[in-house]
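Following is a predicted model, sequence given first.
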Amino acid sequence: MAITKDQTGKLSAQVYALVRACPKGRVTTYGWLAGAVGYPRGARMIGWIMSATPANLNVPAHRVISKEGVLTGSKAFGAKDRMRTLLEEDGVSFEPDGRVDMKRFGWDPRLDLNPDELREVLDSAQTLRVNPPDTLLRLLNDDPASPFKLSDPL
């Protein structure tokens, strides 16, 4: 099934609402966010959505990292160490190998919010107006890793 621009905007808004709910001093992962919005195998999709984050929404995108505790999105923050600096300012510390201790700092919305709190955060996304770029819509509809990619006929 193809996803429309309106549906993409609503899904993006839910992702941004979850990231905004991630407490200062904690980090979340692409996979945890994907699971919280109903696509447990959609980590790459979350990466695409995060790379299209509008600046005016004040989304603390630096709090989204890989499941291994690696700062995979750091190049999106301009200066090489900007993402790490923002996390350190939030109170997140790093292991000697440069990774975040996910057991200590990880925030999984499906585990750290009760079902009512999670629903409330996702419902709050209705107030966010997101106009996703066409490139995001193309990725969601055409990339083989997208949960919306139509299966090829046999």
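Everything's here; your move.

show me what contacts residue 88?
For residue 88, the contact set (Cβ atoms under 8 Å, 6 or more residues apart in numbering) comprises residue 94. The C-beta positions use only the backbone N, C-alpha and C, and glycine is treated the same way.

Could you say which helix or strand holds it?
With the criterion set as DSSP states H and E, the secondary-structure element containing residue 88 is helix 82-90.

Determine how far that helix lies from the middle of the whole chain.
Distance of helix 82-90 from its chain centroid, counting by Cα atoms, centre = their mean, to the nearest Å, is 17 Å.

can you check stretch 85-97 too?
Taking Cα atoms, centre = their mean, the mean C-alpha location of stretch 85-97 is offset from the chain mean by 19 Å.

still on that earlier bit, can you tell me the average pLDDT over the helix holding residue 88?
The average of the pLDDT scores along helix 82-90 is 95.

Same check on stretch 96-104?
Regarding stretch 96-104, the rounded mean pLDDT is 97.

count of neighbours near residue 144?
A count of neighbours around residue 144, defined by other Cβ atoms under 10 Å, yields 7.

Please tell me the pLDDT value assigned to it.
Among the per-residue scores, residue 144 shows a pLDDT of 93.

cool, the one 10 residues further on as well?
Looking at residue 154, its pLDDT reads 43.

Check residue 41 too.
Residue 41 is assigned 93 on the pLDDT scale.

Likewise for residue 2?
87.

Are we agreed that it is in a helix?
No: following the definition DSSP: H, G, I helix; E, B strand; the rest coil, residue 2 is coil and is not counted among the residues of a helix.
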